[in-house]
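Student: Dropping the sequence and predicted coords here.
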Amino acid sequence: MFFSKLFGTSPESLLTSKLFDENTFYEAFIKDLKRCKEEVIIESPYITCRRMEILESIFEKLIKHGVKIYIITRNPNEHDESMARQAELEISIFEEMGVQVLLCTGNHHRKLAILDRKTLWEGSLNILSQGISREIMRRIESYELTMQMFKFLKLEKFL
């Protein structure tokens with residue numbers, strides 16, 4: 001009772017959350033993506049062609065089924081030359097596909113995903129670019145905690 005009054009949710013949401021690393025994340029995340037019915041929001045400061053080779057076909061299928069996809073990423077002008085070229089290419093592919101891309105300036109560095117406003121992924125892994133780094137992501141299935149993040153980030157202003 002105290003926990004739900006303090007945090008606005010039950011402790012079960014956090015207790016049943018699961019942790020993933022760079023080796024286990026994508027299999028679970030892709031399963032979640034494929035189940036989306038309405039909306040995908042991904043914040044990833046970096047986008048690489050190599051990672052998008054895996055994710056583009058999934059995004060295309062989701063869009064064909066009416067799922068809205070929003071990508072929030074760092075403005076390519078804030079990347080080095082190689083990363084900027086890759087980001088610009090993938091952003092143009094996203095836009096052709098029907099994905100809405102929101103560019104951030106000012107050293108944007110958040111990494112998270114909100115799926116159908118009920119599943120929250122958050123942690124250190126750049127979802128659209130991860131390669132060889134060691135990372136961690138937490139998956140929380142909770143409408144309350146997902147909406148807490150949605151409101152905290154003030155996403156209603158943009159989506």
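Tutor: Received, thanks. Residues are numbered from 1 along each chain as shown.
Student: quick one: the helices in the protein?
Tutor: 2-7, 11-15, 25-35, 49-64, 81-97, 143-152 (DSSP state H).
Student: how about the ones you listed, which one is nearest Leu120?
Tutor: Comparison of the helices of the chain against Leu120 by Cβ to Cβ identifies helix 143-152 as nearest, at 4.4 Å. All C-beta atoms are positioned from the backbone trio N, CA, C, and that covers glycine.
Student: Now do the buried residues in that closest one.
Tutor: Going by neighbour count (16 or more other Cβ atoms under 10 Å), the buried part of helix 143-152 is 145-150.
Student: could the helices of the chain go into JSON lines alongside mean pLDDT and distance to Ser129?
Tutor: Formatted as JSON lines, the helices of the chain follow (pLDDT from 0 to 100; distance: least, Cβ to Cβ, whole Å):
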{"stretch": "helix 2-7", "mean pLDDT": "45", "distance to Ser129": "32"}
{"stretch": "helix 11-15", "mean pLDDT": "64", "distance to Ser129": "28"}
{"stretch": "helix 25-35", "mean pLDDT": "97", "distance to Ser129": "12"}
{"stretch": "helix 49-64", "mean pLDDT": "95", "distance to Ser129": "5"}
{"stretch": "helix 81-97", "mean pLDDT": "93", "distance to Ser129": "8"}
{"stretch": "helix 143-152", "mean pLDDT": "95", "distance to Ser129": "21"}
